[in-house]
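Asker: compute the structure for the input listed below.
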Amino acid sequence: MEPITVTIEGAKALLGVGTTKLYELINAEEIQTVKLGRRTLVRVDSIRSLVNRLAQK
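Answerer: Below you'll find the predicted structure:
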């Protein structure tokens, strides 16, 4: 079973970006997150959507 969410560190690794760029994408609502307690998790489907949108340009 593939994960639905990943940690911030996992999202950075998947996208190959740094912390600043990832938070820019989150703040621009290009990538969606969920809160679980104090943890911020990134939705994998939003990462896929971003990559697909970028690939079409």
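Asker: please tell me how far Arg43 sits from Leu14.
Answerer: Distance, Arg43 to Leu14, by C-beta to C-beta, to the nearest Å: 12 Å. No exception for glycine: its C-beta is placed from N, CA and C like everyone else's.
Asker: hang on, I meant Leu41
Answerer: Note on Leu41: its distance to Leu14, by C-beta to C-beta, is 13 Å.
Asker: so for the helix ranked longest in the chain, what gets flagged as buried?
Answerer: Counting residues, the longest helix found in the chain (DSSP state H) is helix 44-56. Applying a neighbour-count criterion of 16 or more other C-beta atoms under 10 Å, one finds 44, 46-47 buried in helix 44-56.
Asker: dump these to TSV, plus distance to Lys21.
Answerer: Conversion of these to TSV gives the following (distance: C-beta to C-beta, whole Å):
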residue	distance to Lys21
Val44	18
Ser46	15
Ile47	13
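Asker: ok, those vs Ile8, which is closest?
Answerer: For the buried residues of helix 44-56, the minimum distance to Ile8 (C-beta to C-beta) is 11.9 Å, reached by Ile47.
Asker: which ones are touching the residue lying closest to Val6 once chain neighbours are set aside?
Answerer: Of all residues not flanking Val6 in the chain, Val42 sits nearest, at 5.4 Å (C-beta to C-beta, 6 or more residues apart in numbering). Residues near Val42 by C-beta atoms under 8 Å, 6 or more residues apart in numbering: 5-8, 10-11, 22, 26, 31-33.
Asker: I'm done for today, thanks for sticking with me.
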